[in-house]
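Peer 1: Give me a 3D structure for the following:
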Amino acid sequence: MTNDSLDDFTAREVTVSDTTRRVYSQGTGPAVIVIAEMPGITPKVADFARKVAARGLTAVMPSLFGVDGQDPRPANLGRIGTARTMVGTIAKACISREFTVLATGKTSPIADWLRGLAAQEHERCGGRGVGAVGMCFTGGFALAMATDDRLLAPVMSQPALPFAMTPSRRRSIGLSDADLTRVTSRCSAGLQVMGLRFEGDRGAPRQRFEFLHEQLGDAFLAVELPDSAANPDSMLSQPHSVLTEDLIDEPGQPTYQAREQVLDFLVQRLLETPPEQ
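Peer 2: Okay, the predicted model is just below:
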């Protein structure tokens, strides 16, 4: 795979609370905010967004870090270039005031910008509400956005935080107590949250999903895959990126089925008519 020009997406500048970022969108119908994993909007992240758009939804990708469309795989950048890209992106995020990643019990300020983006996209695209898919470093952002009633379909794929070496960090999802209370209240009222991980993934550890089960109960829809389901040609050293780098895009493959579950969840929550209560 080479760099993705993203020229089949509409690129525009979106301002929320005096902060302007480039946003890429494709499709029609209710909006789904696709929040890229590290190191940014890679070709495989863009391909996932295209799958969202193909389901009758509007895929919306905000550029939060990295080089948009760049393929980070060693075949494109070389092993040193790949490592430099990943480490550099993580380092910048760790010192950024927008990403509170080195503390537990806090919601990153970028969540406010993403909630504002979701509100604008709901107004622009229409529908009952908005979906959000966060990946790895941004997994918890999708849950933080669910404090807003407009967010009807939050998905966390391999939600991760740097340096998850202590019990508290292995359980942390990167939300403040107030935000977590708001989300649990919404789950009690009918909101559902989907999460995905590989069983042996130390970046998105088992304890984090146990914590989410404790807090959200049956509203947390967990999809946990065996490590053997990961793409053997992945650039990653261990199974991690369920929807992108470790996906085997073939019917019948566990990762393919997991991606289809995510897409079905988004369609059901945003497009299908809910049953009468």
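Peer 1: Report the distance from stretch 151-158 to the chain centre.
Peer 2: The chain centroid and the centroid of stretch 151-158 are separated by 7 Å, computed with Cα atoms, centre = their mean, to the nearest Å.
Peer 1: repeat for stretch 227-246
Peer 2: From the chain centre to the centre of stretch 227-246 is a distance of 16 Å (Cα atoms, centre = their mean).
Peer 1: Same question for stretch 32-47.
Peer 2: The offset between the C-alpha centroid of stretch 32-47 and the centroid of the whole chain comes to 8 Å, using Cα atoms, centre = their mean.
Peer 1: buried residues in it?
Peer 2: Of the residues in stretch 32-47, those buried under the neighbour-count criterion (16 or more other Cβ atoms under 10 Å) are 32-46. Placement of C-beta: from N, CA and C, glycine included.
Peer 1: quick one: the nearest residue to residue 174 once chain neighbours are set aside from residue 151, how far?
Peer 2: In space, residue 174 comes closest to residue 140 once its chain neighbours are excluded; the distance is 3.5 Å by Cβ to Cβ, 6 or more residues apart in numbering. Look at residue 140 and residue 151: by Cβ to Cβ, to the nearest Å, they are 13 Å apart.
Peer 1: tell me the contacts of residue 115?
Peer 2: Under the criterion of Cβ atoms under 8 Å, 6 or more residues apart in numbering, the contact partners of residue 115 comprise 144, 145, 147, 148, 151.
Peer 1: how near is it to residue 35?
Peer 2: Taking Cβ to Cβ as the measure, residue 115 and residue 35 are separated by 12 Å.
Peer 1: same thing with residue 12?
Peer 2: Taking Cβ to Cβ as the measure, residue 12 and residue 35 are separated by 17 Å.
Peer 1: and after the host helix or strand of residue 11, which helix or strand comes next?
Peer 2: Assigned by DSSP states H and E, residue 11 falls within strand 10-16. Remark: after strand 10-16, the chain's next helix or strand is strand 19-27, criterion DSSP H and E.
Peer 1: residues in contact with that next one?
Peer 2: Strand 19-27 is contacted from outside by 6, 8-14, 31, 41, 46, 49-50, 52-54, 56-64, 68, 113, 117, using Cβ under 8 Å, 6+ apart.
Peer 1: mind checking which helix or strand of this structure has the lowest mean pLDDT?
Peer 2: The helix or strand of the chain with the poorest confidence is helix 74-95; it has a mean of 56 (mean pLDDT, DSSP states H and E).
Peer 1: how about the strands in the stretch 151-277 of the chain?
Peer 2: Counting by DSSP state E, counting those that start in this stretch, one finds strands in the stretch 151-277 of the chain at the ranges 151-157, 193-198, 220-225.
Peer 1: Packing partners of the longest one?
Peer 2: It stands for strand 151-157. Counting contacts by 3 or more Cβ pairs under 8 Å, 6 or more residues apart in numbering; DSSP states H and E, strand 151-157 packs against strand 130-135, helix 139-145, strand 193-198, helix 254-270.
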